[in-house]
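A.B. asks: The following comprises the amino acid sequence and a computationally predicted model.
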Amino acid sequence: MLRFALLFALSLPALASAAPCGNTSSGFETWKKDFAKQAKRAGVKKKGLQALAQSQYATRTIAADRNQKSFKYSLVKFMRVRGADTIVAQGRKRKARNPQFYAALERQYGVPAGVLIAIHGMETGFGNFMGDSQVVSAITTLAYDCRRSEFFIPHAIGALKLVDQGSITTATKGAKHGELGHTQFLPGNAMQYGVDATGDGQVDFYNMTDALASTANFLRKKGWKPGRGYQQGQPNFAVIQKWNAASVYQQSIAIMAARIDG
């Protein structure tokens, strides 16, 4: 009995050092304190840790995460609901207005204009609505939530590092799942693939030039093969799949991109 008690006592520090997930707001403040230690070990500095301390449990984010109905639609319904015809029509006009910009991105990254324009249109209506949720609070809430904490923890760390480097602040607004900017980068991906295409010394995902260059860079680094096809069954469709996991989304991007580039 004494031996069991001793073993139990020895195990307490290990248990205490873990940051347990939760499915309600009640454990969020305690989790943040534990997660701060993990974030610090991962290289998050003072500003990022302050942003974590100020973050609040995002009830609307949890509601959205539990209710992602559109990805269960048929392809035809998904494209109709998401306004594919409008995206294509506006996308063609955008490409025609600024062909040099998209041609330069394709020369550098190998990604055709249609793909970048389709993603831009699908994600934010070409920047018309980039979200109304605080990025840091949304992404830390998802890192705490038990449903997909392992997936979101690296993105929470990424968001805090973006605060450290000045790309976002605690007030920065994005989508319900913490995605940010014109093409809705998850923060961990933003940290890894962000490009300062304007040359102003800052990666700004709310600047269209930086956002689209970053998107092209993401696709290139994920294996995009310049000059190869991107429809289902073609080499680059697998790269589109790495941008978003929903099959109807992937198919829609490929179809709209071909219509924009056609």
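C.D. replies: Looks like it came in fine. Predicted model only: the values in this text are computed from it and were never measured.
A.B. asks: how about the helices of the stretch 51-200 of the chain, start to end?
C.D. replies: Counting by DSSP state H, counting those that start in this stretch, the stretch 51-200 of the chain has helices at residues 59-65, 75-81, 84-97, 99-109, 113-124, 135-144, 149-165, 187-193.
A.B. asks: okay, the ones you listed in CSV with mean pLDDT, mean neighbour count and distance to residue 233 next?
C.D. replies: Every C-beta, even on glycine, is put in place using the N, C-alpha and C of the backbone. Compiled in CSV, the helices of the stretch 51-200 of the chain are given as follows (pLDDT from 0 to 100; neighbours: other C-beta atoms under 10 Å; distance: least, C-beta to C-beta, whole Å):
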stretch, mean pLDDT, mean neighbour count, distance to residue 233
helix 59-65, 90, 16, 32
helix 75-81, 94, 14, 15
helix 84-97, 98, 16, 20
helix 99-109, 97, 15, 22
helix 113-124, 98, 25, 16
helix 135-144, 97, 28, 33
helix 149-165, 95, 22, 28
helix 187-193, 95, 22, 26
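A.B. asks: quick one: which of those is nearest residue 256?
C.D. replies: Within these, the stretch nearest residue 256 is helix 113-124; the backing value is 4.1 Å (C-beta to C-beta).
A.B. asks: Who are the packing partners of that closest one?
C.D. replies: Contacting helix 113-124 under the criterion 3 or more C-beta pairs under 8 Å, 6 or more residues apart in numbering; DSSP states H and E are the following elements: helix 84-97, helix 99-109, helix 208-221, helix 247-261.
A.B. asks: and with 10 Å instead?
C.D. replies: If contacts are counted by 3 or more C-beta pairs under 10 Å, 6 or more residues apart in numbering; DSSP states H and E, helix 113-124 sits against helix 84-97, helix 99-109, helix 208-221, helix 237-243, helix 247-261.
A.B. asks: Residue 43: neighbouring residues, count only.
C.D. replies: Number of residues near residue 43 (other C-beta atoms under 10 Å) recorded here: 11.
A.B. asks: pLDDT score for it?
C.D. replies: In the predicted model, residue 43 carries a pLDDT score of 96.
A.B. asks: Could I get the contacting residues of it?
C.D. replies: Taking C-beta atoms under 10 Å, 6 or more residues apart in numbering, we find residue 43 in contact with 157, 160-161, 164.
A.B. asks: Which single one of those residues is nearest to residue 120?
C.D. replies: The shortest gap between residue 120 and any of the contacts of residue 43 belongs to residue 161, at 24.7 Å (C-beta to C-beta).
A.B. asks: Let me know the distance separating that closest one from residue 133.
C.D. replies: 19 Å (C-beta to C-beta, to the nearest Å).
A.B. asks: Save the helices of the stretch 51-200 of the chain as JSON lines, and put in distance to residue 43 too.
C.D. replies: Shown next, in JSON lines, are the helices of the stretch 51-200 of the chain (distance: least, C-beta to C-beta, whole Å):
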{"stretch": "helix 59-65", "distance to residue 43": "25"}
{"stretch": "helix 75-81", "distance to residue 43": "39"}
{"stretch": "helix 84-97", "distance to residue 43": "38"}
{"stretch": "helix 99-109", "distance to residue 43": "28"}
{"stretch": "helix 113-124", "distance to residue 43": "28"}
{"stretch": "helix 135-144", "distance to residue 43": "16"}
{"stretch": "helix 149-165", "distance to residue 43": "7"}
{"stretch": "helix 187-193", "distance to residue 43": "11"}
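A.B. asks: Tell me which of the ones you listed approaches residue 231 most closely.
C.D. replies: Using C-beta to C-beta as the measure, helix 113-124 is the one of the helices of the stretch 51-200 of the chain that comes nearest residue 231, at 11.1 Å.
A.B. asks: can I get the helices and strands packed on helix 113-124 in TSV with distance to residue 183?
C.D. replies: Converted to TSV, the helices and strands packed on helix 113-124 look like this (distance: least, C-beta to C-beta, whole Å):
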stretch	distance to residue 183
helix 84-97	13
helix 99-109	12
helix 208-221	5
helix 237-243	9
helix 247-261	11
